[in-house]
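1. sequence first, then the predicted structure, then my questions.
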Amino acid sequence: MANLKHDCPHCHARSATFTSFGERQHRENGNILSVIAFYCNLCDKGVFASFRNNRGMNINGNTGNVKKIGGVNIIDIYPIGSETSVPEHLPENIESFYKQAAESLRAGHYDASGVMSRKSLDVTTKILNPEEKGNLYKRIEKLSDKGIITPDLKDWAHIIRDDGNDAVHEEVPTTKESAEELLSFTEVFLMYSFTMPKMVENKRKEADEGGKFAVV
């Protein structure tokens, strides 16, 4: 069987190994094998790949990694992996932490996802109130005391903090449901902290430039 190294569009594992389980040669051009079917060795879900064989060799039997065979080039792979959806207007480091949480969740690494969700919150509280040097609990409380976040957001932040702590310290692995809920809460917190304020700011600028916005 042929093997393929490629990012999995299903579980989002980087450079996952795919094993072929079927192929069909192009009817009109023997230099194109279309399509070879592969399954991901991590999540067992499949992809289809078309290859151009410039040397006229057939890909069959024990061929090893097809991407490394001389003259064999990938034409296309289906399905194409989708980009991780991230709230808009996040600081670069927060965006990176959130992406890691989301991609870990898709890859089935639920503990890692929980940890990165908590880190997203942790660093956000430092950005929102850089003067506060206490632990995460105190920083959340201070944000609420100063009116920077609402009481509801404070409660959500504590949920993220508690569940994120469990992902770090508990002996029992984090479940998929817990990781999904934690990521969802984190997304909302980040949207209220960064996305919505920036959207309002941009709208104010647009209206002010058009002479249609007045502060009262």
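-> Yep, that arrived. All values derive from a computational prediction rather than experimental measurement. Numbering: from 1, shown residues only.
2. and what about the residue nearest to the spatial centre of the chain, helix, strand or coil?
-> The chain has E103 as the residue nearest its centroid, 3.3 Å off, counting by C-alpha atoms, centre = their mean. At E103, secondary structure determined by DSSP: H, G, I helix; E, B strand; the rest coil is helix.
3. now V35
-> Using three-state DSSP, the secondary structure recorded for V35 is strand.
4. the one 3 residues further on too?
-> The local conformation at F38, judged by three-state DSSP, is strand.
5. quick check: mean pLDDT of stretch 37-54?
-> The pLDDT scores in stretch 37-54 average 82.
6. now it: buried residues?
-> Of all the residues in stretch 37-54, those buried under the rule 16 or more other C-beta atoms under 10 Å are 38-40, 42-43, 47, 49-53. Glycine gets a C-beta too; all of them are placed from N, C-alpha and C.
7. and the next helix or strand past the one helix or strand in the chain whose mean pLDDT sits lowest?
-> The weakest-scoring helix or strand in the chain, judged by mean pLDDT, DSSP states H and E, is strand 64-65 (a mean of 42). Next in sequence after strand 64-65, counting helices and strands by DSSP states H and E, comes strand 72-78.
8. on that earlier part again, quick check, nearest of the buried residues of stretch 37-54 to V115?
-> Minimum separation from V115 among the buried residues of stretch 37-54 (C-beta to C-beta) is found for L42, which lies at 20.2 Å.
9. where's T84 relative to S117, distance?
-> T84 sits 13 Å away from S117 when distances are taken as C-beta to C-beta, to the nearest Å.
10. actually G46, not the one I typed
-> Counting by C-beta to C-beta, the gap between G46 and S117 amounts to 30 Å.
11. so what's the residue nearest to the centre of the chain up against?
-> For E103, the residues meeting the contact criterion (C-beta atoms under 8 Å, 6 or more residues apart in numbering) are 12, 84.
12. what packs against the helix or strand harbouring I127?
-> Using DSSP H and E, I127 sits within helix 110-128. With contacts defined as 3 or more C-beta pairs under 8 Å, 6 or more residues apart in numbering; DSSP states H and E, helix 110-128 has these neighbours: helix 92-106, helix 136-145, helix 151-169, helix 176-190.
13. list the buried residues for it?
-> Along helix 110-128, the positions that meet the burial threshold by neighbour count (16+ other C-beta under 10 Å) are 110-122, 124-125, 128.
14. and the angle for the helix or strand S50 falls within with strand 72-78?
-> Counting by DSSP H and E, the secondary-structure element that holds S50 is strand 46-53. Calculated by axes from the mean of the first three to the mean of the last three C-alpha atoms, to 10 degrees, strand 46-53 forms an angle of 150 degrees with strand 72-78.
15. who does strand 46-53 touch, helix- and strand-wise?
-> Packed against strand 46-53, as judged by 3+ C-beta pairs under 8 Å, 6+ apart, are the following elements: strand 32-40, strand 72-78.
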